[in-house]
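Participant: Need coordinates for the below:
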Amino acid sequence: MTIPDKNLKFPLKDYNRLCFLKNIVRNPNIIVGDYTYYDDFENVENFEKNVKYHFDFVGDKLIIGKFCMIASDVTFIMNGANHLTDAITAYPFSVFGEGWEHAMDGKSYPNKGDIKIGNDVWIGYNSTIMAGVTIGDGAIVATNSTVTKDVEPYAIVGGNPARLIKKRFSDDQIKRLLRVKWWNWDIEKITRNLHYLTSRLHIDALEICK
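Facilitator: This next block holds a predicted model:
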């Protein structure tokens with residue numbers, strides 16, 4: 001049985017604009033699952049450049065599941081971009097020191113938590129994912145979207161701010177798919193059952209795959 005090597009940086013021969021993402025990420029606060037790929041029009045090294053305001057001292061994480069598809073120019077806005085919104089001013093005085101360094105004593109900047117991307121998620125070109133957002137398994141984010149709120153599993157969202165366009169499957173089918181969790185099968189089982197995974201939904205067959 002021939003299976004793509006999950007540890008290859010560039011899984012497509014003679015093509016270096018698509019990578020298995022976990023093999024290029026260096027930041028320990030970016031966690032990526034197997035076979036998730038990133039496709040960039042210019043250079044796959046742009047990925048970490050597009051994770052914005054990701055400061056070590058904040059400690060937030062970008063967590064991406066398995067078998068995700070991330071297009072060029074997708075941007076993740078982390079918590080380091082946050083300013084005070086309930087104070088008289090949002091200006092970050094303490095950053096500049098020189099007598100202003102104590103401006104934030106006893107206060108803290110807003111932190112909305114990690115960005116969490118599920119498994120089998122497709123994020124379209126030039127989309128933006130904001131801090132604290134969770135995108136569920138099997139979801140699709142349309143091109144040029146700005147995602148400010150959580151996205152349910154197997155939902156298709158688009159726009160600015162992103163809104164639900166439709167669900168990919170019925171609620172019952174989604175529940176069953178989330179029980180199957182095909183992305184957690186061993187890769188040999190996935191490979192044996194590609195004809196089901198790439199066909200129109202036949203959940204009964206998927207549930208008895210061996």
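Participant: quick one: residue 81 from residue 129, how far?
Facilitator: According to CB to CB, to the nearest Å, residue 81 and residue 129 sit 12 Å apart. Using the backbone N, CA and C atoms, a C-beta is placed for each residue, glycine as well.
Participant: er, residue 184 I mean
Facilitator: Counting by CB to CB - residue 184 and residue 129 are separated by 23 Å.
Participant: Specify which residue of those two has the higher count of neighbours.
Facilitator: Neighbour count, other CB atoms under 10 Å: between residue 184 and residue 129, residue 129 has more, with 27 against 12.
Participant: Correct me if wrong, but that one is in a strand.
Facilitator: Yes - Residue 129 sits within a strand when classified using DSSP: H, G, I helix; E, B strand; the rest coil.
Participant: need the contact list for it.
Facilitator: With contact set as CB atoms under 8 Å, 6 or more residues apart in numbering, residue 129 has these partners: 74, 75, 76, 77, 115, 117, 123, 135, 141, 147.
Participant: which of those residues count as buried?
Facilitator: Buried members of the contacts of residue 129, counted by 16 or more other CB atoms under 10 Å: 74, 76, 77, 115, 117, 123, 135, 141, 147.
Participant: Closest to residue 174 out of these?
Facilitator: Distance to residue 174 across those (CB to CB) is lowest for residue 135, with 14.4 Å.
Participant: any residues touching the top helix by length along the chain, and which ones?
Facilitator: If you go by DSSP state H, the chain has its longest helix at helix 171-180. With CB under 8 Å, 6+ apart as the test, helix 171-180 has contacts from 137, 138, 153, 154, 167, 168, 169, 201, 203, 206, 207.
Participant: Counting neighbours, what do you get for the residue nearest to residue 138 when sequence neighbours are not counted?
Facilitator: Of all residues not flanking residue 138 in the chain, residue 154 sits nearest, at 4.1 Å (CB to CB, 6 or more residues apart in numbering). Applying other CB under 10 Å, we find 24 residues neighbouring residue 154.
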